[in-house]
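Visitor: Need coordinates for the following:
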Amino acid sequence: MDTCTKLLSDIRAAIKEFPPCISSGNTQRTYQNACLLETPELRAARYTQRAHLNSCSFKAAALHTARYNIFDILGITEKEVLMCRYLADLLNPEGRHGCGILFLQSFFRDILKVTDANDLLLTHTDVDREYVIDNDRRIDLVIRNSRFFIPVEVKIHADEQEGQCYDYAQYARNAPLIYLTRKGDAPSLYSRKEKGGTAILSPDRILCVSWERDIYHWLERLLEHIREPIQSDVIQYMDAIRMTEAERGRKIMEKTLDLLYQSPDYFHAGIEIERSMKTAKVRLIRMVFDDFKQEMARILPKYGLEPETESLYYSYEEKTHEKFYDCYSTYPGLNYVVRHVRFQKENLNLWFRIEVEHNLFAGFALFDTKTHWQVNEITQELMDEAARYLVRDIITPSDWWLAWCYPNGRRKVDSYDDVPDFKLMNPRAVSLVDPQVRRTFVVNAVKKFEEELLRYLLTE
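Guide: Here you go, the predicted model:
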């Protein structure tokens, strides 16, 4: 076994020493980005950046949160019962937060995807912690009213129990069993199969919810609607949701550093691995674009698109993108010309482009074939001309982009758990190493680009 292989083997063994503290979540901090974990200062900056959406008190609360987290100090981040109690109080219309049905209403809408629960029904909803069923067993959380009985099973440290999900789901009414884990993973057959029987709970009767993806972003969207002091408490709770895995990442990084310093051979092997990783990550980006190229070919005639082959402007196939990790970005992308568009200036083209800055996104952009450069100043006149070919309501110029979105459909510039970030190599980006996962992601991304962008192209 060569030194690089031995070092990787030892690093894998080190990672196994620190199992995830919450058993699932799309934004878990893995070894690949352990050295890029959010520090308190970065968290403060992240919240401060959003301060303009709220009041000055939001900024103060965020800075305070970054330095001091009561959930972490009390060890609550590792205890599912206590984390669940705070969540239950938020969902309770009569909770101590004093916000009435605000949290419950948005939970029904954003998490459960139930849009017809009226205010009267929500006001008369009970939220129970450790709801007792047969043999003194307890469901972590239950949301119930005259229409719904929603059992919520939470997993942080606790192991699965035989037949647990099967049993709890029998109590559900007009709703699935919610299975709340870090990654939003599904329960195993061990939990879905009837204890002592043969019946198996169907996966479509389970709603898998992630702490870090679903619960975190659900609360994040509500922040601007919450007043102090509750706002500061919610921010601390959000921080606590992500803090547990950050601590795991820190321990893994420390263990890895110890391994690297064991011998000059190991340190040299680490350098070789680092060099190889740059090439491997660039290759992954190209593989993703190859899949996009293949999937886009299927819909080109539908939208009157054709591959751009003359300028190859920032094409992902260019050799320069081998330097992607040596600078801010080399902007690899995939360009398509919208054939039927004719601007007054004949040298202007409307492009549909898929690009990686850090995150992957797509949109409509203007390109000047005379200067062989992007049109960075989109005037009102150009917007009016573009509105002959694009539904005007989606045109929101930014640099050379007329309209754009991430593969999850969002337009707000931010980091998202379900959008690959190839600079930080977040878990979503790393997952694309798997060919099947990559293929599924590309297919779904193209569908989303159709829904949010391409369908607004106007025909001749």
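Visitor: where exactly do the strands run in this structure?
Guide: Using DSSP state E, the strands assigned to the chain run over residues 126-132, 138-144, 149-154, 177-181, 206-210, 305-307, 333-338, 348-356, 360-368, 373-374, 401-405.
Visitor: tilt between the fourth one and strand 149-154?
Guide: Using axes from the mean of the first three to the mean of the last three CA atoms, to 10 degrees, the inter-axis angle of strand 177-181 relative to strand 149-154 is 20 degrees.
Visitor: Tell me which of the strands of the chain lies nearest to Asp265.
Guide: Of all the strands of the chain, it is strand 348-356 that lies closest to Asp265, at 35.5 Å by CB to CB. From N, CA and C alone the C-beta is placed, and that goes for glycine too.
Visitor: Each with direction, which strands does that closest one pair with?
Guide: strand 333-338 (antiparallel), strand 360-368 (antiparallel) (DSSP bridges).
Visitor: Format the strands of the chain as CSV; extra columns: distance to Lys423, mean pLDDT and mean neighbour count.
Guide: Compiled in CSV, those are given as follows (distance: least, CB to CB, whole Å; pLDDT from 0 to 100; neighbours: other CB atoms under 10 Å):
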stretch, distance to Lys423, mean pLDDT, mean neighbour count
strand 126-132, 41, 90, 16
strand 138-144, 37, 92, 21
strand 149-154, 33, 93, 22
strand 177-181, 27, 92, 24
strand 206-210, 23, 92, 20
strand 305-307, 26, 96, 15
strand 333-338, 15, 96, 21
strand 348-356, 9, 96, 22
strand 360-368, 11, 96, 23
strand 373-374, 21, 94, 14
strand 401-405, 18, 95, 21
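Visitor: how about those strands, which one is nearest Pro229?
Guide: Each of the strands of the chain has some distance to Pro229 by CB to CB; the shortest is strand 126-132, at 21.4 Å.
Visitor: Show me the contact partners of the closest one.
Guide: 81, 84-85, 88, 91-93, 95, 104, 138-145, 151 (CB atoms under 8 Å, 6 or more residues apart in numbering).
Visitor: Could I get the full set of helices for the stretch 151-300 of the chain?
Guide: Assigned by DSSP state H, counting those that start in this stretch, the helices in the stretch 151-300 of the chain fall at 164-169, 189-192, 216-222, 230-260, 264-297, 300-303.
Visitor: For the fourth one, which helices and strands make contact with it?
Guide: This points to helix 230-260. If you count contacts as 3 or more CB pairs under 8 Å, 6 or more residues apart in numbering; DSSP states H and E, helix 230-260 packs onto helix 3-16, helix 56-67, helix 70-73, helix 80-91, helix 216-222, helix 264-297.
Visitor: And the residue lying closest to Trp401 once chain neighbours are set aside, how far from Thr396?
Guide: Once flanking residues are discounted, Trp401 sits nearest to Gly363: 4.8 Å by CB to CB, 6 or more residues apart in numbering. As defined by CB to CB, to the nearest Å, Gly363 lies at a distance of 10 Å from Thr396.
Visitor: what residues are shared contacts of the two?
Guide: With CB under 8 Å, 6+ apart, Gly363 and Thr396 have common neighbours Leu402, Ala403.
Visitor: Next up, the contacts around the residue nearest to Trp401.
Guide: Per CB under 8 Å, 6+ apart, neighbours of Gly363: Phe352, Arg353, Glu355, Trp401, Leu402, Ala403, Trp404, Cys405, Leu453.
Visitor: Export those as CSV, with columns for distance to Met296.
Guide: Below are these laid out as CSV (distance: CB to CB, whole Å):
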residue, distance to Met296
Phe352, 9
Arg353, 11
Glu355, 13
Trp401, 18
Leu402, 19
Ala403, 17
Trp404, 16
Cys405, 16
Leu453, 12
